[in-house]
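1. With the input below, show me the fold.
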Amino acid sequence: MFGVLTRGGLMRRVDAARVEAALAAAEKQTSGEIRVSVAPFFWGSVENAAALAFERLGMTRTRDRNGVLIFVVPSRHRFRLLGDEGIHAKVGQAFWDEVAAHMSEHFHAGDFTRGLEAGIAAIGRGLAEHFPHAGDADVNELPDHIDFGDT
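-> Take a look at the predicted model:
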């Protein structure tokens, strides 16, 4: 269960090394890019904050417009999955709903690391289906570390 959880509290309960390893592993299958961002407390719309983070993190600057952001707001017990236009056009809303439902199961059980790993793996598979890894020509266009809204 999320309970009363802050950004710092969530990250104490998440194994960042495992999440970052999951990001690297997923991106070895695809030319797409996946980021995780954990937001501080804020007032206003989670959807708008996620969209702002998507822009701030340069998710729209990938060559094939195939960046995906997992935006987590612990204080609001919410998260959003945002895929850029290249991937969203290929997988559709049902894909995002399925990934979100699977992540939610882990989050509600209190296993945030496993929830993020599961979401990242599923997103990686979806990206790989439509944007396979380009081999030696593939470039990691975005960093794989977890963003805490201050970078």
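
2. Please enumerate the strands of the chain.
-> 33-38, 67-73, 78-83 (DSSP state E).

3. Outside of the second one itself, list whatever touches it.
-> What it means is strand 67-73. Residues outside strand 67-73 that contact it (Cβ atoms under 8 Å, 6 or more residues apart in numbering): 10, 32-39, 42, 46, 49-50, 53-54, 57-61, 78-84, 87, 103, 116, 119-120, 123, 127, 141-142. In this view, the C-beta of every residue, glycine as well, is placed from N, C-alpha and C.

4. which stretches of this protein form helices?
-> Applying DSSP state H to the chain gives helices spanning 7-12, 16-27, 46-56, 85-108, 112-130.

5. quick revisit: restricted to buried residues, select the contacts of strand 67-73 in PyMOL.
-> Buried residues within the contacts of strand 67-73, by 16 or more other Cβ atoms under 10 Å, are selected in PyMOL with:
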select buried, resi 10+32+33+34+35+36+37+38+39+46+49+50+53+54+57+59+79+80+81+82+83+84+87+103+116+119+120+123+127+141+142
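
6. do you know how far Trp96 is from Phe79?
-> 11 Å (Cβ to Cβ, to the nearest Å).

7. repeat for His106
-> Taken as Cβ to Cβ, the span from His106 to Phe79 is 11 Å.

8. contacting residues for the nearest residue to Arg78 once chain neighbours are set aside?
-> Sequence neighbours aside, Val46 is the residue nearest to Arg78 in space, at 4.9 Å (criterion: Cβ to Cβ, 6 or more residues apart in numbering). Going by Cβ under 8 Å, 6+ apart, Val46 touches 71, 73, 76, 78, 80.

9. and the fourth one, how far is that from Asp84?
-> Counting by Cβ to Cβ, the separation of Arg78 from Asp84 is 21 Å.

10. just the third one next, same as before
-> Taking Cβ to Cβ as the measure, Arg76 and Asp84 are separated by 23 Å.

11. what's the residue closest to the geometric middle of the protein?
-> Ile70 (2.4 Å; Cα atoms, centre = their mean).

12. Look up which residues are beta-bridged to that residue.
-> Each beta-bridge partner of Ile70 is listed here: Val36, Leu81, as defined by DSSP bridges.

13. And for Asn66, the neighbour number?
-> Other residues within reach of Asn66 by the criterion other Cβ atoms under 10 Å amount to 25.
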